[in-house]
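[1] no FASTA, just this:
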């Protein structure tokens with residue numbers, strides 16, 4: 001008892017008093033913080049948003065493209081099989097890639113695509129505020145503009161987002177069958193420029209770079225019947241003849257502004 005009184009009678013130095021108060025305050029903060037954390041832990045949390053639904057699979061047109069397009073796709077399929085057989089052998093892989101490049105060059109006339117068919121995969125404005133288009137022309141095969149202005153330097157495939165061609169593609173949207181024409185770009189490695197860095201994707205799922213000169217819906221709407229009762233054959237025949245003549249003479253114009 002005497003020892004306790006002696007301790008109580010002693011003066012506590014200001015520095016020690018501050019230390020004691022500080023420790024007491026810290027303990028209170030820890031208790032308060034623990035209560036806040038416990039409250040947060042037991043507070044009802046909002047449910048995470050469900051992931052967006054997957055995009056529908058691309059459906060290729062029933063109508064096949066011209067002979068050049070079919071030869072082009074056949075060369076790619078042969079290249080896939082060759083890649084699968086020699087993928088572990090770099091020397092033989094280089095030979096298979098060169099053989100595919102030659103087959104692609106043999107399939108194309110003048111490095112152009114005229115009246116090819118495909119399905120729109122994407123038509124969107126990129127970070128550079130330019131229009132980019134991707135069209136699937138066969139299983140795992142696309143033709144496209146570059147995605148960025150930096151990659152497009154020297155190609156000029158990206159489009160003015162207000163141009164009729166891009167606005168038309170954007171309006172038609174994903175999974176719309178289209179007919180298109182355009183110019184490929186020469187490549188010493190693959191015959192025509194391809195946009196993948198991986199040789200595996202280049203050989204199995206290639207994305208070829210194209211300057212689009214023309215793009216329109218593949219299935220044109222049926223004209224309305226003549227309300228006057230006329231069959232309309234006399235009017236339709238010249239239009240069809242003109243369309244056939246245009247299809248034969250139509251060439252992709254590289255100088256055309258997007």
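    Looks like it arrived, so ask away. As the structure is a prediction and not an experimental result, all values here were calculated from the model.

[2] Residue 211 versus residue 155, what's the distance?
    The span separating residue 155 from residue 211 equals 7 Å under the rule CB to CB, to the nearest Å. The way it works is simple: take the backbone N, C-alpha and C, and place the C-beta from them, glycine included.

[3] and those two? which has more neighbours close in?
    residue 211 (23 against 15; other CB atoms under 10 Å).

[4] does the residue nearest to that one when sequence neighbours are not counted sit in a helix, a strand or a coil?
    Using CB to CB, 6 or more residues apart in numbering and skipping the chain neighbours, the partner closest in space to residue 211 is residue 183 (4.5 Å). Look at residue 183: counting by DSSP: H, G, I helix; E, B strand; the rest coil, its state is strand.

[5] I'd assumed residue 112 was in contact with residue 183.
    Yes - Residue 183 lies in contact with residue 112 (CB atoms under 8 Å); the separation is 5.5 Å.

[6] For the stretch 151-258 of the chain, which segments count as helices?
    With DSSP state H, counting those that start in this stretch as the criterion, the stretch 151-258 of the chain has helices at 164-172, 199-204, 233-249.

[7] lowest-confidence stretch among the ones you listed?
    Per-stretch mean pLDDT for these is lowest at helix 233-249 (a mean of 40).

[8] For the closest residue to residue 146 other than its chain neighbours, which residues are in contact?
    Excluding the flanking residues, the one nearest residue 146 by CB to CB, 6+ apart is residue 152, at 3.9 Å. Residue 152 is in contact with 130, 145-146, 158, counting by CB atoms under 8 Å, 6 or more residues apart in numbering.

[9] Find the residues that touch each one of residue 155 and residue 211.
    Common contacts of residue 155 and residue 211 (CB under 8 Å, 6+ apart): residue 185.

[10] how long is stretch 60-67 from one end to the other?
    Its first and final residues considered, stretch 60-67 spans 17 Å by CA to CA, to the nearest Å.

[11] Buried residues, that stretch. List them.
    The neighbour-count check on stretch 60-67 (16 or more other CB atoms under 10 Å) flags 60-61, 65 as buried.

[12] Identify, from those, the entry nearest to residue 201.
    The closest of the buried residues of stretch 60-67 to residue 201 turns out to be residue 60 (CB to CB; 19.4 Å).

[13] Strands of the protein, start to end?
    Remark: strands assigned in the chain by DSSP state E are 112-125, 131-138, 141-144, 177-184, 186-187, 191-192, 207-217.

[14] Out of these, which is closest to residue 45?
    For the strands of the chain, proximity to residue 45 was assessed by CB to CB; strand 112-125 is nearest, at 34.4 Å.

[15] buried stuff in that closest one?
    Buried residues in strand 112-125, counted by 16+ other CB under 10 Å: 112-123.

[16] Against residue 83, how distant is residue 94?
    Look at residue 94 and residue 83: by CB to CB, they are 11 Å apart.

[17] These two - which one has more neighbours?
    residue 83 (19 against 13).

[18] Does that one touch residue 92 like I think?
    No - the pair residue 83 and residue 92 fails to qualify as a contact (CB under 8 Å) at a distance of 9.9 Å.

[19] neighbours of the residue nearest to residue 211, just the number please.
    Neighbours around residue 183, by other CB under 10 Å: 20.

[20] if I look at it, how far off is residue 168?
    19 Å.

[21] What of residue 55?
    Distance, residue 55 to residue 168, by CB to CB: 21 Å.

[22] Looking at these two, which one has more neighbours?
    In terms of neighbours (other CB under 10 Å), residue 168 is the more surrounded of residue 55 and residue 168; the figures are 14 against 10.

[23] which non-adjacent residue is nearest that one?
    In space, and not counting its chain neighbours, residue 168 is closest to residue 215: 6.6 Å by CB to CB, 6+ apart.

[24] What confidence value was assigned to the one you found?
    Residue 215 is given a pLDDT of 98.

[25] One more: residue 62?
    You'll see residue 62 listed with a pLDDT of 78.

[26] Brilliant, that's me finished.
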